[in-house]
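[1] Mind looking at a prediction? Sequence and model below.
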Amino acid sequence: MPGFHPVRVTLADTCTRGGSQERAARSAASAGRRGLAIEAETPPRDVDLARKSPLSRASMPPGRERDVSATYDLVRSSFGPNAAKYTHSHGHADTEALARLVAGLAPRRGDWVLDVGAGAGQTGLAFAAAVARVVALDLTREMLQETRLNAAARGIRNLAVQQGGAEALPFDAGSFDIVVCRRAAHHFAAPAQAVLEMARVLRPGGRLAIVDTMVPEDDEIDRQINAIERLRDPSHVRDRRPSEWRALVTGAGLAVADMEIGYYDAGSATDLDAWTARIGTTPENVAELRRLLQAAAPPLAETLKIELDGAEIHFALPRLTLVAVK
Ligand SMILES: C[S@@+](CC[C@H](N)C(=O)[O-])C[C@H]1O[C@@H](n2cnc3c(N)ncnc32)[C@H](O)[C@@H]1O
């Protein structure tokens, strides 16, 4: 990528990849490698990549850089105070869904995995037992602290955390065998740039897996679901359509290997109160969400599988899982 000089941070040295001999040597030497054991980590640094990265300055249209910076602020203020809740969220910790995701990617023992928008680390931690190295990257410092606690509680030592933004990944090209991004991409301020970045840090033949909330190819339902998401969380940017994901991924030079459309939690119901409490939605917005879901016309009610049970409202969010190959 012309003009791109990766932001060098603790892990960048460890993530410069080479051929298979180098990989074998690296695996052999990896146990004591600086920066990879949880204990050896420096604290996640509060680096504003949107401002500092040469990549974002070079490739963003005027004005977009400011959007990214503002979205990063919203993300941190939504997730910072609520980080611990993502350790306990049933949907995020869903071990069966995570096991299916890992099995579907059939990782090899020597693989290096990057988890983008790692949150409390659920996805990276699910990969850690199957691979050589996991790097959990997130914008929000408190989330990475949660990831560390969760790794330590499970005795996982091959996972490192890195604070940073998906739109300017602080790693060399070709550093990872697998890049995974689960339940995070709808917060990305510049998704095309984030996908370009995720493709860049994959080695040739490496795979990208995106799991995210999606909307159907229908203007009105798209508008309604994204409005509901924004009412719940001001850091929400956009749930995308399958066609948008296909275009983003192919636009980054990757080939779509698999795309599955379904619901989170196998379609079991999300409780409105738990969903809004997890991210600290304001009471006024919870009341407005309640009103919108209760009054939903049949197409939206069917798409979200809305169930009204007295004061309780349950629904299910559509989910896309996409695997692409570099
Ligand atoms: C719902 S949580 C992620 C859940 C996690 N991936 C899992 O599987 O449990 C969304 C995370 O995305 C992070 N995030 C949002 N925008 C980001 C960006 N542009 N770059 C990196 N992380 C971002 C937030 O800080 C938050 O921790």
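    Ah, there it is.
[2] Summarise which helices and strands the helix or strand where residue 70 lies is packed against.
    Secondary structure from DSSP states H and E places residue 70 in helix 64-79. Applying 3 or more C-beta pairs under 8 Å, 6 or more residues apart in numbering; DSSP states H and E, one finds that helix 64-79 contacts helix 49-52, helix 54-59, helix 141-153. To be clear about C-beta, it is placed using only N, CA and C from the backbone, and glycine gets the same treatment.
[3] May I see the buried residues of the next helix or strand after that helix?
    Where DSSP H and E defines the elements, the next helix or strand beyond helix 64-79 is helix 85-88. For helix 85-88, the neighbour count (16 or more other C-beta atoms under 10 Å) marks 85-87 as buried.
[4] For residue 317, give its distance to residue 211.
    For residue 317, the distance to residue 211 (C-beta to C-beta, to the nearest Å) stands at 12 Å.
[5] thinking again about what came up before, and the helices and strands packed on helix 64-79, which one's lowest on average pLDDT?
    Lowest mean pLDDT within the helices and strands packed on helix 64-79: helix 49-52, at a mean of 35.
[6] need the longest strand for this structure.
    Counting by DSSP state E, the longest strand found in the chain is strand 202-213.
[7] Partner strands of that strand and their direction?
    strand 176-182 (parallel), strand 318-325 (antiparallel) (DSSP bridges).
[8] Packed most tightly, which of those strands would that be?
    strand 176-182 (a mean of 26; mean count of other C-beta atoms under 10 Å).
[9] Next, see if that one gets close to the ligand.
    Yes: residues of strand 176-182 contacting the ligand under C-beta under 6 Å from any ligand atom: residue 182.
[10] List of residues touching that strand?
    If you take C-beta atoms under 8 Å, 6 or more residues apart in numbering as the criterion, strand 176-182 is touched by 15, 17, 101, 105, 107-108, 110-117, 122-124, 127, 131, 135, 166, 198, 201-203, 206-212.
[11] what's the spacing between residue 140 and residue 73?
    Distance, residue 140 to residue 73, using C-beta to C-beta: 11 Å.
[12] Of those two, which one has the most company?
    residue 140 (25 against 14; other C-beta atoms under 10 Å).
[13] quick one, what contacts the residue in the chain that the ligand sits nearest to?
    When scored by C-beta to the nearest ligand atom, the chain has residue 119 as its residue closest to the ligand, at 2.8 Å. Counting by C-beta under 8 Å, 6+ apart, residue 119 touches 79, 83, 86, 92, 138, 143, 146-147, 183-184.
[14] please redo it, this time with the cut-off set to 6 Å
    By C-beta atoms under 6 Å, 6 or more residues apart in numbering, the contact list for residue 119 reads 86, 143.
[15] where does the protein have low pLDDT?
    1-66, 266-268 (pLDDT under 70).
[16] Can you report how many residues lie near residue 69?
    By other C-beta under 10 Å, neighbour count at residue 69 equals 16.
[17] State the phi and psi torsions of residue 218.
    With angles defined as degrees, to the nearest 10, residue 218 sits at phi -150, psi 120.
[18] tell me the contacts of it?
    Residue 218 is in contact with no residue at all, counting by C-beta under 6 Å, 6+ apart.
[19] swap the cut-off to 8 Å and go again
    Residue 218 is in contact with residue 299, counting by C-beta under 8 Å, 6+ apart.
[20] Check residue 262 too.
    By C-beta under 8 Å, 6+ apart, the contact set of residue 262 is 318-319, 321.
[21] you'd agree it is in a helix?
    No: under DSSP: H, G, I helix; E, B strand; the rest coil, residue 262 sits outside any helix and is assigned strand.
[22] what does the chain have sitting close to the ligand?
    75, 79, 86, 92, 117-120, 122-123, 138-140, 143, 165-167, 182-184, 187-189.
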